[in-house]
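*Asks:* Just the structure for this:
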Amino acid sequence: MAGLQRSLTRTQIAQDQISSGKLLHRPSDSPTGTVTALQLRSEVRANRKYSANADDAMGRLGTVQDTLQSSVELINKVRDLTVAAASAGGSNPEADKARAAEIKQIKGTLIQHANTQYLNRPVFGGHTPDAVAYSATGEYIGEAAGEVTRSIGPNAKVRVDTRGPEVYGTDYVLDANGDPVLDANGDPTVNPTQLFHVLDDLQAAMISGDIDGVTTGLQSLDKAAETLKSTLSDAGARYNRVTQMKQSAEDRLSSVSSQLSDVEDVDLPKAIMELQFAQTSYQAALAATAKVIQPSLIDFLR
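*Replies:* Numbers count the residues shown, from 1 in each chain. Purely as a prediction, here's the structure:
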C-alpha cells in the first residue's frame, strides 16, 4: 500500500507540473531552485521598472527637445527681423513698428513653449505642482531649486527636467550665492539677457527708432540663443543616455526571464513522458498487488 501511494503521488506531481507549466509550486519542491527563482523574479521586476522609467524619461526629454528646437527656429526669426531693423537704420518707422508687432507675437508663442506640459506638468517648471512655469509676461513662477530624476539602471539616475531659467535666463541678475543683486533703490536688478526681457527691449527700441538699442538687443539675443542651444544639446545628450540604458534594461530583462524560465518552467515533453511512466508504474503496481493478495471464498465467509 505504501508503494501504491508513492506511485500515485508521483503521478499527481507530474499532472500538476503539466497543468501549471511550472516545476516549482512550493519551496519544498526545490529549496535551492526557490531561492534562485525569487532572486531572478526580483531582478525581472527591477528591470521592468527601469524600462518603464526610461520610457517616462524619454517622453519628458523628447518633449523638451522638440520644444527647444521650435524655440530656436522662432529666435532665428526674431534675429532676422532685428538684423533687418538694424540694417534699415530707422529709415522706415512703419516697417520697424510692424517688426516690433511680429516680435511681440513671437514672444507670446515662446511663452507658450516655455509652459509646454508633459502629463499635465510643465517640463520647464521643475517640481512645481502648477500648470505653468511662466506668467503671461514671461516671469518665471516655477520651482527655483531641485531636479526631477528617474532611475534607469542600477545606481544610475538621469535628470529629466530642464528649469526655465537654465533655458531662457534668470529674471534678475544673481550674485555668487544665487541671490538677486539689488539696485540703488533696493529692488532686484532685472537681467537684460533674459530672453523675454530681450524681446521686450527690442520691441521698445524698434518702436522708438533707437538703432543703438536694436544693436545692443541683437547682441543680447545672440547670447540668449547660445544659452538655449546649449541647453538643447544637453537635453539631447541625456536623451541618448536614456535610450542606451533602456536598451540595456530590456536586454537584461530578456536574459533574466530566460534564466527564470530554465529554473521554474517545466519541460513539457519530458513531463508528459514522466506522467506516462508514472501511470504505467501505478497500473503495474496495482496488477502485482492483485496477484499477491488474492481473496478466496473462505476470506469472504469469515
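*Asks:* List the buried residues in stretch 131-147.
*Replies:* Neighbour-count burial for stretch 131-147 flags Val132, Ala133, Tyr134, Gly138, Tyr140, Ile141, Gly142, Glu143 (criterion: 16 or more other C-beta atoms under 10 Å). C-beta coordinates here come from the backbone N, C-alpha and C atoms, glycine included.
*Asks:* Identify the farthest-apart pair in those residues.
*Replies:* Gly138 and Glu143 (17.2 Å; C-beta to C-beta).
*Asks:* want to try TSV for the buried residues of stretch 131-147, with secondary structure and distance to Pro180 as columns?
*Replies:* Listed next are the buried residues of stretch 131-147 as TSV, based on DSSP: H, G, I helix; E, B strand; the rest coil; distance: C-beta to C-beta, whole Å:
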residue	secondary structure	distance to Pro180
Val132	coil	22
Ala133	coil	19
Tyr134	strand	18
Gly138	coil	17
Tyr140	strand	12
Ile141	coil	15
Gly142	coil	16
Glu143	coil	17
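*Asks:* now, among the residues you listed, which is nearest to Gln194?
*Replies:* Gly138 (7.8 Å).
*Asks:* Tell me how far that closest one lies from Val242.
*Replies:* Distance, Gly138 to Val242, by C-beta to C-beta, to the nearest Å: 30 Å.
*Asks:* what comes up buried for stretch 204-217?
*Replies:* Ala205, Met206, Gly209, Asp210, Ile211, Val214, Thr216, Gly217.
*Asks:* Repeat that for stretch 5-20.
*Replies:* Applying 16+ other C-beta under 10 Å to stretch 5-20 flags Ser7, Leu8, Arg10, Thr11, Ile13, Ala14, Gln17 as buried.
*Asks:* The last one falls within a helix, correct?
*Replies:* Yes: if the criterion is DSSP: H, G, I helix; E, B strand; the rest coil, then Gln17 is within a helix.
*Asks:* For it, report the pLDDT, please.
*Replies:* At Gln17, the model reports a pLDDT of 70.
*Asks:* Kindly provide the distance from it to Ser30.
*Replies:* Where Ser30 is concerned, Gln17 sits at a distance of 12 Å (C-beta to C-beta).
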